[in-house]
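In: Fold the following, please.
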Amino acid sequence: MKVKALVSFSGTFSMYKGEIKECSDKAILLDLLQAGYIEEIKSERPKKDVKSSESKRNNK
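Out: Residues are numbered from 1 along each chain as shown. Predicted structure coming up:
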């Protein structure tokens with residue numbers, strides 16, 4: 001799961017405030033989420049680039 005640190009903390013899993021990191025240890029994630037130290041980053045799908053010729057219909 002991709003998470004963002006809301007505060008700085010250290011231990012077996014350490015982050016600084018604002019850092020975004022991947023973590024797969026569910027026990028650590030649950031503990032940090034409950035403490036309010038991290039928040040989950042939702043996956044955003046990249047937008048598909050649209051070429052200028054594709055953005056408008058050609059009505060000729």
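In: Go ahead and confirm Phe13 touches Ala27.
Out: No. Look at Phe13 against Ala27 with Cβ atoms under 8 Å: they stay out of range, at 10.1 Å. Every C-beta, even on glycine, is put in place using the N, C-alpha and C of the backbone.
In: Spell out the secondary structure type for Ala27.
Out: helix (DSSP: H, G, I helix; E, B strand; the rest coil).
In: In contact with it, which residues are there?
Out: Under the criterion of Cβ atoms under 8 Å, 6 or more residues apart in numbering, Ala27 has no neighbours.
In: Please name the residues that touch the residue nearest to Ile20 when sequence neighbours are not counted.
Out: Of all residues beyond its chain neighbours, the one nearest Ile20 is Lys4 (5.0 Å), with distances taken as Cβ to Cβ, 6 or more residues apart in numbering. For Lys4, the contact set (Cβ under 8 Å, 6+ apart) comprises Gly18, Glu19, Ile20, Ile38, Glu39, Ile41.
In: how about the residues you listed in TSV, adding secondary structure and pLDDT?
Out: Below are these laid out as TSV (DSSP: H, G, I helix; E, B strand; the rest coil; pLDDT from 0 to 100):
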residue	secondary structure	pLDDT
Gly18	coil	96
Glu19	coil	97
Ile20	strand	96
Ile38	strand	97
Glu39	strand	97
Ile41	coil	94
